[in-house]
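Trainee: quick one, fold the following:
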Amino acid sequence: MQIPNSRVFGANYELSSHVLKVNFRDIFSEETKAVLIRFDINNTKESQINFKSSLTFDDVVKTFSKKSLIAQSIINNTSDTSIYAKSKNKEVTEQIILFESNEMLELAMKAVDEGNYEQAKSIVRSNKTNISNAIRAGYANKEIVMQDSVNTIYSEQLKNIETMKEYDKKMMQKDSKSSNYMLKKKRI
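Mentor: Sure thing, here's the model as predicted:
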């Protein structure tokens, strides 16, 4: 099962006319929300890509009014791998690993729901390989290690999936989906 390259991780969104709108819903004091946007570049001739982002929110503490913050970012396009390597951000890379692993586990659970047990096992094995490679490469934050644990537990449960009673299967799926969701929302 192929996961598309261009997508938004970690939030519900709308895309229209090259404008991406993300609704964070409620954000509470001291809470951090993350959105990871992965995109393909179709026109490699341009040397810079300009991003304009704005955050509109209701200030419920001071002015009780709608406020906006605006930021401009420029990404320089390069085919030089050394420049690319120097600009790589460890925290962002860890988030990519976490979101992709989480998505793969969701695909495996969907395959189980559809009765495609061998496909689910294959996805979980591939996910394990990806996580292990990331950890060996030095990307082993707490969330990735926990995602590895969730994936390993699910892999062990899948060994007996064909002989499980329907109720046990449903409970396994419910628990696994809950654990994966909690990691996705960073609540573990």
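
Trainee: ok, Ser87 to Thr81 distance?
Mentor: Counting by C-beta to C-beta, to the nearest Å, the gap from Ser87 to Thr81 is 11 Å. (Each C-beta comes from the backbone N, C-alpha and C, glycine too.)

Trainee: how about the contacts made by the residue nearest the centre of the chain?
Mentor: Centroid-nearest residue in the chain, with C-alpha atoms, centre = their mean: Phe99, separated by 2.0 Å. Residues in contact with Phe99, defined by C-beta atoms under 8 Å, 6 or more residues apart in numbering, are Phe9, Gly10, Leu36, Lys184.

Trainee: the last one - how many residues pack around it?
Mentor: By other C-beta atoms under 10 Å, the residues close to Lys184 number 20.

Trainee: what sits against the closest residue to it other than its chain neighbours?
Mentor: Among residues not flanking Lys184 along the chain, Asn102 sits closest, at 4.8 Å (C-beta to C-beta, 6 or more residues apart in numbering). By C-beta under 8 Å, 6+ apart, the contact set of Asn102 is Gln147, Asn180, Leu183, Lys184.

Trainee: same deal with Glu106?
Mentor: Glu106 touches Lys177, Asn180, counting by C-beta under 8 Å, 6+ apart.

Trainee: what of Phe51?
Mentor: Shown here is Phe51, whose contacts under the criterion C-beta under 8 Å, 6+ apart are Gln72, Ser73, Ile74, Ile75.

Trainee: then stretch 157-168 to CSV, C-alphas only?
Mentor: Output for stretch 157-168, consisting of C-alpha atoms alone and laid out as CSV, is shown next (Å, rounded to 0.1, in the frame of the first residue of the first chain):
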residue,chain,number,x,y,z
GLN,A,157,-1.3,-9.7,18.3
LEU,A,158,-1.5,-10.3,14.5
LYS,A,159,0.2,-13.6,14.8
ASN,A,160,-3.0,-15.1,16.2
ILE,A,161,-5.6,-13.0,14.3
GLU,A,162,-7.0,-15.8,12.1
THR,A,163,-7.9,-17.9,15.2
MET,A,164,-9.2,-15.0,17.4
LYS,A,165,-12.8,-14.9,18.3
GLU,A,166,-14.7,-11.9,16.8
TYR,A,167,-15.1,-10.2,20.2
ASP,A,168,-11.3,-10.5,20.9
